[in-house]
Every structure is written in structure tokens, then in C-alpha cells.
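S.K.: A structural model of the following input is requested.
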Amino acid sequence: MRYLNLLPSLLIGVVAGSRSMTPGALIAGTDLVGLRTPGQPPGLGSRVGKAMALVLGLGELLGDKQPSAPDRTEPGALMARALSACMAGMALAPRGRERLGGLLAVAAAMPSAFLGLQARARCTEAVGPKRSAVIEDVVVVLGGLACVVSAARINRQAGSAVDRRARAGQRLRHAAEP
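M.R.: Model prediction:
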């Protein structure tokens, strides 16, 4: 059970393997609607940073459909995916476990980039390039959203547990006072 709270970090790495800008955009978007993840990627502390992350995420979804879009398994693209996965994995990890969350996300992002490319190629053969791109976008965005919302819920529950322990400690101290 102790390691299940790292599952959102691992799975956001799978998302980053397909779309490098999507994890940051999803974290920024959920933060704007009031959900709080345990951490926050660098640069997303301000409204301007959040807006930029959303624009970059949307731009990537649109740009991916262009024939000139680079291959996700090129060295530069893999580096961007690893960096994005690491930052998002750290942001979704429970406090004190950020490094492990980042490492898990990177470990998931690298094979995900290659497996996603193969899956996209098969899907393209079956339904065509535009439809396969849209299908992949839907799967990636919904999966990433599930990761971010799960991490926010785990964070809220952890905060509630800390509050309950603090209140119980206060009651014990008050009961022990003469």
C-alpha cells in the first residue's frame, strides 16, 4: 500500500512518453481549477507559467498532426520526454518521495515513447493518420488527467490524515493538562 501512492508518478511517465508537454499542461490546468498536487514543476508557480504550460500542451497536440512533426524517439525528443516525465513525476509524488517519483516517471517514459510509436503506427494502418493521432491524444490526455487527479486526491487525503493526527495530539495534550 505504501508504494501505491507513487502510481500517479509512474503513469505520468507513460503520458510523457507520448506527449512531452501534456503532463505539465495537465498539472497546470488542474491547479487552475483548485486541485493541488503534492508538488509543482518549476515554472508553474504563477498564472503566467500555468498559461504557458497550457498553451504549449495544446500546441503540441496540434503540432503532432503535422507531417513535419519530429519523431518522438529522436535523441532531442527523448530528452524532452525524460525531463518532462521527471518534473511531473516529482510533482505528483508524495512529499519526501519526490526523487523516487521522478525516477519512476523517467523509467516509464522511455519505453513508452517507443511502444507508443509502434502502437500509433499500427493504429495508423487501421484507421489512418489523423484518426490515429486523435485517438492517441484522447487516450494520453484522459490517462494523464486520471494521474493528476489521483495524485491530488491522495495529497488531499494525506493532508486530512495529518490534520486528524494533529487534532488528536492536541486533544491528548489538553486531556493531560491539570
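S.K.: who's in contact with stretch 108-120?
M.R.: 10-11, 13-18, 71-73, 77-78, 81-82, 84-85, 132-133, 136 (Cβ atoms under 8 Å, 6 or more residues apart in numbering). Placement of C-beta: from N, CA and C, glycine included.
S.K.: how about the helices in this protein?
M.R.: Under the criterion DSSP state H, the chain contains helices at 7-18, 22-32, 47-63, 75-92, 98-127, 129-176.
S.K.: quick check: mean pLDDT across the longest one?
M.R.: Per-residue pLDDT values across helix 129-176 average out to 77.
S.K.: got the CA positions of stretch 130-146 in PDB?
M.R.: Extracted in PDB, the C-alpha atoms of stretch 130-146 (Å, rounded to 0.1, in the frame of the first residue of the first chain):
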ATOM      1  CA  LYS A 130      -5.500  11.800 -38.500                       C
ATOM      2  CA  ARG A 131      -7.800   9.400 -36.600                       C
ATOM      3  CA  SER A 132      -4.900   7.600 -35.000                       C
ATOM      4  CA  ALA A 133      -3.400  10.900 -33.800                       C
ATOM      5  CA  VAL A 134      -6.800  11.900 -32.300                       C
ATOM      6  CA  ILE A 135      -7.200   8.500 -30.600                       C
ATOM      7  CA  GLU A 136      -3.800   8.800 -29.100                       C
ATOM      8  CA  ASP A 137      -4.400  12.300 -27.900                       C
ATOM      9  CA  VAL A 138      -7.700  11.300 -26.200                       C
ATOM     10  CA  VAL A 139      -6.000   8.300 -24.500                       C
ATOM     11  CA  VAL A 140      -3.000  10.400 -23.400                       C
ATOM     12  CA  VAL A 141      -5.000  13.300 -22.100                       C
ATOM     13  CA  LEU A 142      -7.600  11.200 -20.300                       C
ATOM     14  CA  GLY A 143      -4.900   9.000 -18.800                       C
ATOM     15  CA  GLY A 144      -2.800  12.000 -17.800                       C
ATOM     16  CA  LEU A 145      -5.800  13.600 -16.200                       C
ATOM     17  CA  ALA A 146      -6.500  10.500 -14.200                       C
END
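S.K.: which parts of that stretch are buried?
M.R.: Buried residues in stretch 130-146, counting neighbours by 16 or more other Cβ atoms under 10 Å, are found at 132-133, 135-137, 140-141, 143-144.
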